[in-house]
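K.L.:
After the sequence you'll find the predicted model.
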Amino acid sequence: MSRILLGLSLVAASVLLSIATLVLWLQSLSNNPAGAWAVFVLGFALVSAAALLGVWNISRGIKTDHDDESKT
């Protein structure tokens, strides 16, 4: 169950991080386009990593719970 909660919190963090990345990107796009794209690429990489880790933890948690139920 703890892996599922960890996965859900990572997915939620990726959603919040994507919103923050979009805001920072839009704010700096007119002033510093190159820096804005660097923020976008870095933010996208972090969002993707957090979402993938979150989904992986959720799937591992469900598999572990399913395996525990089948043993009893």
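P.N.:
Cool, the structure landed.

K.L.:
residue ranges for the helices of the protein, please.
P.N.:
In the chain, helices defined by DSSP state H lie at 2-29, 33-71, listed in chain order.

K.L.:
What distance do you get for residue 22 to residue 52?
P.N.:
Counting by C-beta to C-beta, to the nearest Å, the gap from residue 22 to residue 52 is 19 Å. For the C-beta atoms, the positions are set from N, CA and C on the backbone; glycine is no exception.

K.L.:
same thing with residue 5?
P.N.:
Distance from residue 5 to residue 52, by C-beta to C-beta: 17 Å.

K.L.:
that older thread, can you redo the helices of the chain as TSV with mean pLDDT and mean neighbour count?
P.N.:
Shown next, in TSV, are the helices of the chain (pLDDT from 0 to 100; neighbours: other C-beta atoms under 10 Å):
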stretch	mean pLDDT	mean neighbour count
helix 2-29	94	15
helix 33-71	91	14
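
K.L.:
Am I right that residue 21 is in contact with residue 41?
P.N.:
No: when contacts are counted by C-beta atoms under 8 Å, residue 21 is not listed as touching residue 41 (9.6 Å).

K.L.:
now stretch 22-40, how far from the centre of its chain.
P.N.:
Chain-centre distance of stretch 22-40: 20 Å, with C-alpha atoms, centre = their mean, to the nearest Å.

K.L.:
Could you export it as PDB, keeping only the C-alpha atoms?
P.N.:
What follows is stretch 22-40 as a C-alpha-only set of coordinates in PDB (Å, rounded to 0.1, in the frame of the first residue of the first chain):
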ATOM      1  CA  LEU A  22       4.400  26.300 -17.700                       C
ATOM      2  CA  VAL A  23       4.100  29.400 -15.600                       C
ATOM      3  CA  LEU A  24       7.900  30.000 -15.500                       C
ATOM      4  CA  TRP A  25       8.200  29.300 -19.200                       C
ATOM      5  CA  LEU A  26       5.500  31.700 -20.100                       C
ATOM      6  CA  GLN A  27       6.800  34.400 -17.800                       C
ATOM      7  CA  SER A  28      10.400  34.200 -19.200                       C
ATOM      8  CA  LEU A  29       9.500  33.600 -22.900                       C
ATOM      9  CA  SER A  30       9.300  37.300 -23.800                       C
ATOM     10  CA  ASN A  31      12.400  38.400 -21.800                       C
ATOM     11  CA  ASN A  32      14.800  35.500 -22.400                       C
ATOM     12  CA  PRO A  33      13.700  33.000 -25.100                       C
ATOM     13  CA  ALA A  34      16.700  30.800 -24.800                       C
ATOM     14  CA  GLY A  35      16.400  30.600 -21.000                       C
ATOM     15  CA  ALA A  36      12.700  30.000 -21.300                       C
ATOM     16  CA  TRP A  37      13.300  27.000 -23.500                       C
ATOM     17  CA  ALA A  38      16.000  25.700 -21.100                       C
ATOM     18  CA  VAL A  39      13.400  26.000 -18.300                       C
ATOM     19  CA  PHE A  40      10.900  24.100 -20.500                       C
END
